[in-house]
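Engineer: fold the following and give me the result.
(chains A and B)
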There are 2 protein chains.
Amino acid sequence: MFCLILARPENPENIGLVARAMKNTGFGELRLAGTGRPGPLAFKTAVHAEEILEKAVPYADLKEAVADLQVVFAATAKTRKNFRVLAVQDAIRKMFEFPASARIGLLFGNERTGLTSDELKQANYLFTIPQARRQPSYNLSAAVLVTLYLIFSWSRPKKAAQLKKPMVRRDQESLIRLILQKLELKGFVHRTNKQHVTEMVYDLFGRLTLTETDRSFLLALFSKGPDEF
Amino acid sequence: MFCLILARPENPENIGLVARAMKNTGFGELRLAGTGRPGPLAFKTAVHAEEILEKAVPYADLKEAVADLQVVFAATAKTRKNFRVLAVQDAIRKMFEFPASARIGLLFGNERTGLTSDELKQANYLFTIPQARRQPSYNLSAAVLVTLYLIFSWSRPKKAAQLKKPMVRRDQESLIRLILQKLELKGFVHRTNKQHVTEMVYDLFGRLTLTETDRSFLLALFSKGPDEF
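Structural biologist: Next comes the predicted model:
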């Protein structure tokens, strides 16, 4: 089950084009983070996909928009220092390793800025759509269209899913924060390395798409060691 | 060698978006049949792809526009009574069966009408881009983008690894053992939980397919904390 999340989209026409691309390729659920309901300009470009806009749910912020999802894949045009970035085809292969019931979010950032470092932390995986040259990058609706088309045309492998169903993002993030707190208490995180360590921890534990079992184990590991690990 | 032909395009902004999609995916040659040179509105949407518009060649009619090509593949959203229509992936497979030196045309029709029966006669093959429902069809620049992206990713050398190269297994395992030792020293691993913890640690850190960068980070995390983490 897929849902599409746009973080701080600026141009209403793009939102409409995204809805049209979703309809073309068979997707229905759209979430808008940090912006309101789609306006008339969005409806203008959402030919035959108005229903998707009508049902689109606005969220005050991204964290809330992904809280109930199990896995989030975020699109980025840039390489990111502390995060591992998959090519879109490999990201899609991974998506189909999760159980069919897992709720998977596809996250796309603002047209001009892309996703901020903070927004990236809401994702388990980053992916990028290969392009022929550094410039121009794909525009928002183009990136969405290519991604959704590739998912749509992907034939789900016949075999059973291989990955366990992760916790919802809300719980994944609480756990990551808890680990960070622990590291901070232990003096491992300090002012000069804070951003770096934080991003590394988000990248590492994001890639793990943490399950309930992982949580119990990591909580034990990070919090309950005999001599207060 | 590919060239893109637009037959009677109406909307200049679409021509610009097509140029941008071409630039994104590494194509350069654009022909315009039954229309003049691209105007300022086309340049407005052709971000970073203005050069393609400048070099675009207008032809009075389609027959002339394809005369020097060896093979023409025409996109159609509709099934056509007397023509066989390939799915885009099969069309692309066929394109790559021709010698690399063959000049292959990719033909897209007018935004509203698509290709007329007469125009279809200028093609060797028709292809269609699968869609989830009958409506809406892909808009012109979307159809071009999906087609070019698929060709681009097809011809892409089978190529640079997408994931970072993990360390060799020997080093992955040394690192895992080191972490386990550390846990044992700290009293976290003991006789009754040893097998369980060991397996959990192997599972967690196995899934990370650890790289050199991960190693440095984890070693710091597990060994070099200020108070001997």
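
Engineer: and chain A, what are its domains?
Structural biologist: Using automatic domain parsing, the domains assigned to chain A come out as A:2-153, A:169-223.

Engineer: please enumerate the strands of chain A.
Structural biologist: Assigned by DSSP state E, the strands in chain A fall at A:2-7, A:30-33, A:57-59, A:71-75, A:85-87, A:104-108, A:125-128.

Engineer: A:Phe152: which of those strands is closest?
Structural biologist: strand A:2-7 (9.9 Å; Cβ to Cβ). No exception for glycine: its C-beta is placed from N, CA and C like everyone else's.

Engineer: quick one: average pLDDT of that closest one?
Structural biologist: What strand A:2-7 shows for mean pLDDT is 98.

Engineer: hmm, that strand in reach of chain B?
Structural biologist: No: Strand A:2-7 lies out of reach of chain B by Cβ under 8 Å from any Cβ of the partner chain, never closer than 12.3 Å.

Engineer: got TSV for the strands of chain A, with mean neighbour count too?
Structural biologist: As requested, the strands of chain A are exported to TSV (neighbours: other Cβ atoms under 10 Å in any protein chain shown):
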stretch	mean neighbour count
strand A:2-7	24
strand A:30-33	22
strand A:57-59	15
strand A:71-75	25
strand A:85-87	19
strand A:104-108	24
strand A:125-128	22
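
Engineer: highest mean neighbour count out of the domains of chain A?
Structural biologist: domain A:2-153 (a mean of 20; mean count of other Cβ atoms under 10 Å in any protein chain shown).

Engineer: ends of that domain, how far apart?
Structural biologist: With Cα to Cα, to the nearest Å as the measure, the first residue of domain A:2-153 is 14 Å from its last.

Engineer: returning to that earlier point: tabulate the strands of chain A (a markdown table), appending distance to B:Glu199.
Structural biologist: Output for the strands of chain A, formatted as a markdown table (distance: least, Cβ to Cβ, whole Å):
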| stretch | distance to B:Glu199 |
| --- | --- |
| strand A:2-7 | 33 |
| strand A:30-33 | 38 |
| strand A:57-59 | 39 |
| strand A:71-75 | 24 |
| strand A:85-87 | 27 |
| strand A:104-108 | 28 |
| strand A:125-128 | 25 |
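
Engineer: any idea of the mean pLDDT for stretch A:202-214?
Structural biologist: Stretch A:202-214 carries an average pLDDT of 88.

Engineer: just for chain A, where's the confidence low?
Structural biologist: Applying pLDDT under 70 to chain A picks out residues A:155-162, A:223-229.

Engineer: in chain A, which spans are helices?
Structural biologist: Along chain A, counting by DSSP state H, helices occupy A:12-25, A:40-45, A:50-55, A:62-66, A:88-95, A:117-120, A:140-153, A:169-185, A:194-207, A:212-223.

Engineer: want to throw the ones you listed into a markdown table with distance to B:Ala102?
Structural biologist: Formatted as a markdown table, the helices of chain A follow (distance: least, Cβ to Cβ, whole Å):
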| stretch | distance to B:Ala102 |
| --- | --- |
| helix A:12-25 | 31 |
| helix A:40-45 | 37 |
| helix A:50-55 | 41 |
| helix A:62-66 | 47 |
| helix A:88-95 | 27 |
| helix A:117-120 | 44 |
| helix A:140-153 | 26 |
| helix A:169-185 | 49 |
| helix A:194-207 | 43 |
| helix A:212-223 | 53 |
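
Engineer: hang on, the earlier thing: can you tell me which of the strands of chain A is nearest to B:Leu17?
Structural biologist: strand A:104-108 (17.8 Å).

Engineer: packing partners of that closest one?
Structural biologist: Secondary structure elements in contact with strand A:104-108, counted by 3 or more Cβ pairs under 8 Å, 6 or more residues apart in numbering or on different chains; DSSP states H and E, are strand A:2-7, helix A:62-66, strand A:71-75, helix A:140-153.
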